[in-house]
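S.K.: Could you work out the structure for the sequence below:
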Amino acid sequence: MLFLVVGVSGALVAQEILPGIPRNEVIIIEDPSGRSLNPGRFNLWGGGVSSWSTGLQQLCLGTLWYIDPDEGIEGKPWIDLLAAEPPVYNADYTEMTVKLRKGIYWSDGVPFTADDVIFTVETLKAHPEMTWGAYMQVNVEEVKKVDDYTVVFKLKKPNGRFHTVFTTRWSACYIMPKHVFEKVEDPIAFDFNPPVGTGPYVLKSYDPNGYWFLWELREDWQRSDLGVAYGIKPGPKYVLYKGIPSPEKKVMDQLAHELDIIHDLPPEGAITLYQNNPYCVTWFDGWPWAHPDPTLPSIIMNHEHFPYNLREVRWALTLAIDVVQVALQAYNGCATISPIHIPPTGLYPSWYFDKIEPWLKEFTLTIGGEAFKPYDPEIPMKIAEAVRYAFGYKIPEDPQQIKKLVGYGWWKYAPDMASKLLESVGFTRDKNGKWLLPDGKPWKITILCEAATRSVMTRAAAAIAEQWRKFGIDAQIEAVEAYMVWTRMNYGEDPDTVYWGWCIETWGGHPDLFWFLESWHSEYYRPTGQPVVAKNPMRYKSEAVDKIIEELRRTDFFKDQEKMIELGLEYVKICVQDMPIIPVFSYNVFTVCDEYYWTGYPTAENPYTNPVPNWGNTRFMFIKLQPAAEKK
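M.R.: You can find the predicted model right below:
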């Protein structure tokens, strides 16, 4: 796809990524979906868009607010984009007022106004089968215009978190251009091609086979959402999102400076680039390299299947895992571990982990009449020492620095205590030391996990299965495509299966846990065989957690952060006692950037946004990126 241009004298004068597109004016970014199966469709509201990583949500469409998982573009994780300020609620959270930013134009030259917001909400409310439609129908009684830049939402019930549907974490409800959609008969069938957005780029061309999408900076970029909000011209004139078939191809392309941002790699691929490409940029400059996303891969067990309804069994499975070995086998030791049901990422270490660790050190299980403290604060040091021995990476000596890089402690590897827990609820061993269920049948566990799409997830599941086999459980993995993991987990009909995935995701840049925790409330419970509501595939029910969620509903998202943290710590203590799922580590993404053509990428030293390019938040990266000065 790289063209060499030859002048009339025969001299090489430039490289082009496509005819007429100079290489030094385009940034090339991996689309982790690989290929869009319906490349001509850009209607995110209507569905059927198979890849959200083509630049559509990153460069073109915009929404009211953003929360960055790191520190944010100006050191503020909360970002007003199409909105001029945060939402304002009335006293009982039944009304939300939004002030819009003036001066923003759609990419076809039409002003962005309150009419677009109202049209979006009313269209979605009238079509609950559309993305975000059911949410609007359930929550919105009426949406009305006060003036061209003020919108008031009247809600059907109190909801101090209604604004979050318009707040991008990874994605959110984007605003439709009214003047485009009002002319179509069927807003679901409409392909929205070419897309019209408030963002700083417009679609220039795309591969009809779905392998690449090329965007060009708007001539009137000053009138885009980023232009009005920040007044800074994005560095790249062109942005190319490109599907890449294999990790090996990604590494080769970046070594040849034909790929500027790799979305993710297995650890060894990222380390190869770090060691061999002098222009390589990773989140951490050295071990553990990767960006910790605010997600929490965990062992997820359906509590409606025996024996996972038993707290003793869930804790026994936890104590039968040597997390040091799991970190080594899955991530080459580059994992960021978490003993609690919150990702150890963003600003959460100071909000939650520092505060809860003294309690964790004293937390005690009573097992067979014996008091046992399961928390091991030395796990990060053990991982660091194991990495030094196994891989020879350069590891910091300072324990606090190690803690910052790979997380706080985890649970002790204590198979003797795990055995006592199982025996206390009727489990026995056969003559070969294999565990039998209380009815005498062999205990078999299948760990359902992702296949090749995320190799570290497959490796982690295999490592945990190995740990459980060592303990005496007949444990195996079943690796399938990602959509099958989520589908089967959400229906939960496999009685001998546990799931390796995540159901806990947080903002990263805001302490509120409501984003995932709301769906843990008992009122959203769905029995096995029915798809779960959002984030409770384990079908966990707790009156104590219900009360926390109800209290969170009455907190102010912007003013009550201390109260949110206090309630979050209560939630953590309940989950540590119950162990509804077994948290292991954050999903660390080995996003690797190349500074040969572009500089200004976010890093742990300059964490102004998430570098992982399929996030909607990465639009803020483009006003920081500039051409590498020494390059032509």
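
S.K.: hey, C-alpha coordinates of stretch 390-402 in CSV?
M.R.: What follows is stretch 390-402, C-alpha atoms only, in CSV (Å, rounded to 0.1, in the frame of the first residue of the first chain):
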residue,chain,number,x,y,z
ALA,A,390,12.6,-15.7,34.0
PHE,A,391,13.0,-12.9,31.5
GLY,A,392,15.9,-10.7,32.6
TYR,A,393,13.9,-7.5,32.2
LYS,A,394,15.1,-4.4,33.9
ILE,A,395,12.9,-4.1,37.0
PRO,A,396,12.9,-1.2,39.5
GLU,A,397,14.2,-1.9,42.9
ASP,A,398,11.9,0.5,44.8
PRO,A,399,8.9,-1.5,46.2
GLN,A,400,6.6,1.5,45.8
GLN,A,401,7.5,1.9,42.2
ILE,A,402,6.9,-1.8,41.6
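
S.K.: Spatially nearest residue to Pro495 (excluding sequence neighbours)?
M.R.: His305 (4.6 Å; C-beta to C-beta, 6 or more residues apart in numbering). Where you see a C-beta, it was placed from the backbone N, CA and C, and this is true even at glycine.

S.K.: For that neighbour, grab the count of nearby residues.
M.R.: 17 (other C-beta atoms under 10 Å).

S.K.: Name the helix or strand of the chain that has the lowest mean pLDDT.
M.R.: strand 3-6 (a mean of 44; mean pLDDT, DSSP states H and E).

S.K.: ok so the residue nearest to Pro495 is a strand residue?
M.R.: No - membership of His305 in a strand is not supported by DSSP: H, G, I helix; E, B strand; the rest coil, which gives coil.

S.K.: contacting residues around it?
M.R.: Contact analysis of His305 by C-beta atoms under 8 Å, 6 or more residues apart in numbering lists Gly492, Pro495, Asp496, Thr528.

S.K.: which residues of the stretch 1-150 of the chain fall in helices?
M.R.: If DSSP state H, counting those that start in this stretch is used as the criterion, the helices of the stretch 1-150 of the chain fall at 114-126, 133-139.

S.K.: residues of the first one that come out buried?
M.R.: The reference is to helix 114-126. Across helix 114-126, burial judged by 16 or more other C-beta atoms under 10 Å covers Ala114, Asp116, Val117, Ile118, Phe119, Thr120, Val121, Thr123, Leu124, Lys125.

S.K.: neighbours around Lys404, how many?
M.R.: Count around Lys404 with other C-beta under 10 Å applied: 17.

S.K.: Helix or strand: which one has it?
M.R.: Under the criterion of DSSP states H and E, Lys404 resides in helix 399-406.

S.K.: which stretches of the stretch 451-600 of the chain form helices?
M.R.: Going by DSSP H, counting those that start in this stretch, the stretch 451-600 of the chain shows helices at 455-471, 482-491, 514-517, 543-553, 561-578.

S.K.: now those in TSV, with mean pLDDT and mean neighbour count?
M.R.: Shown next, in TSV, are those (pLDDT from 0 to 100; neighbours: other C-beta atoms under 10 Å):
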stretch	mean pLDDT	mean neighbour count
helix 455-471	96	21
helix 482-491	90	16
helix 514-517	91	21
helix 543-553	94	16
helix 561-578	97	18
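
S.K.: wait, which of these is closest to Ile67?
M.R.: With respect to Ile67, and counting by C-beta to C-beta, the nearest of the helices of the stretch 451-600 of the chain is helix 514-517 at 9.2 Å.

S.K.: What is that closest one packed up against?
M.R.: helix 543-553 (3 or more C-beta pairs under 8 Å, 6 or more residues apart in numbering; DSSP states H and E).

S.K.: I'd like the C-alpha coordinates of the helix it packs on written as CSV, please.
M.R.: Output of helix 543-553 as CSV, limited to C-alpha atoms (Å, rounded to 0.1, in the frame of the first residue of the first chain):
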residue,chain,number,x,y,z
GLU,A,543,-29.3,-6.9,49.7
ALA,A,544,-26.2,-5.0,51.0
VAL,A,545,-25.1,-4.2,47.5
ASP,A,546,-28.6,-3.2,46.6
LYS,A,547,-28.5,-0.6,49.4
ILE,A,548,-25.2,0.8,48.2
ILE,A,549,-26.6,1.2,44.6
GLU,A,550,-29.7,2.9,45.9
GLU,A,551,-27.5,5.3,47.9
LEU,A,552,-25.3,6.0,44.9
ARG,A,553,-28.4,7.0,43.0
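
S.K.: Now do that helix against helix 561-578: the angle between them, please.
M.R.: 170 degrees (axes from the mean of the first three to the mean of the last three C-alpha atoms, to 10 degrees).

S.K.: The helices of the stretch 1-150 of the chain: lowest mean pLDDT?
M.R.: Mean pLDDT is lowest for helix 133-139 among the helices of the stretch 1-150 of the chain, at a mean of 91.

S.K.: Pull the residues that contact that one.
M.R.: Taking C-beta under 8 Å, 6+ apart as the rule, helix 133-139 contacts 45, 121, 124-128, 155-157, 159, 162, 165, 173.

S.K.: isn't Lys125 right up against Val140?
M.R.: Yes - assessed by C-beta atoms under 8 Å, Lys125 is found in contact with Val140 at 5.7 Å.

S.K.: Compile the helices of the stretch 1-150 of the chain into CSV and extend it with columns for distance to Ala371.
M.R.: Shown next, in CSV, are the helices of the stretch 1-150 of the chain (distance: least, C-beta to C-beta, whole Å):
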stretch, distance to Ala371
helix 114-126, 55
helix 133-139, 47
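
S.K.: How much space separates Gln530 from Glu304?
M.R.: 11 Å (C-beta to C-beta, to the nearest Å).

S.K.: so what's Tyr66 closest to, chain neighbours aside?
M.R.: Ile79 (4.1 Å).

S.K.: quick one on the thing from earlier: point out the other helices and strands that the helix holding Lys404 packs with.
M.R.: Against helix 399-406 (3+ C-beta pairs under 8 Å, 6+ apart) you get helix 379-391.

S.K.: what mean pLDDT does the helix it packs on have?
M.R.: 95.

S.K.: just how off-centre is that helix within its chain?
M.R.: Offset of helix 379-391 from its chain centre (C-alpha atoms, centre = their mean, to the nearest Å): 27 Å.

S.K.: Could you tell me the angle between it and helix 399-406?
M.R.: Using the same axes, to 10 degrees: helix 379-391 against helix 399-406 is 80 degrees.

S.K.: Would you mind listing the buried residues in helix 379-391?
M.R.: So, applying 16+ other C-beta under 10 Å, buried residues of helix 379-391: Ile379, Pro380, Met381, Lys382, Ile383, Ala384, Ala386, Val387, Phe391.

S.K.: quick one: the last one from Gly333, how far?
M.R.: Same thing as Phe391. From Phe391 to Gly333 the distance is 7 Å (C-beta to C-beta).

S.K.: What of the second one?
M.R.: Counting by C-beta to C-beta, the separation of Pro380 from Gly333 is 10 Å.

S.K.: With the fourth one instead?
M.R.: Relative to Gly333, Lys382 is positioned 10 Å away (C-beta to C-beta).

S.K.: And for the fifth one?
M.R.: Relative to Gly333, Ile383 is positioned 6 Å away (criterion: C-beta to C-beta).

S.K.: Need the residues touching each of these two.
M.R.: Shared contacts of Ile383 and Gly333, counting by C-beta under 8 Å, 6+ apart, come down to Ala327, Val406.
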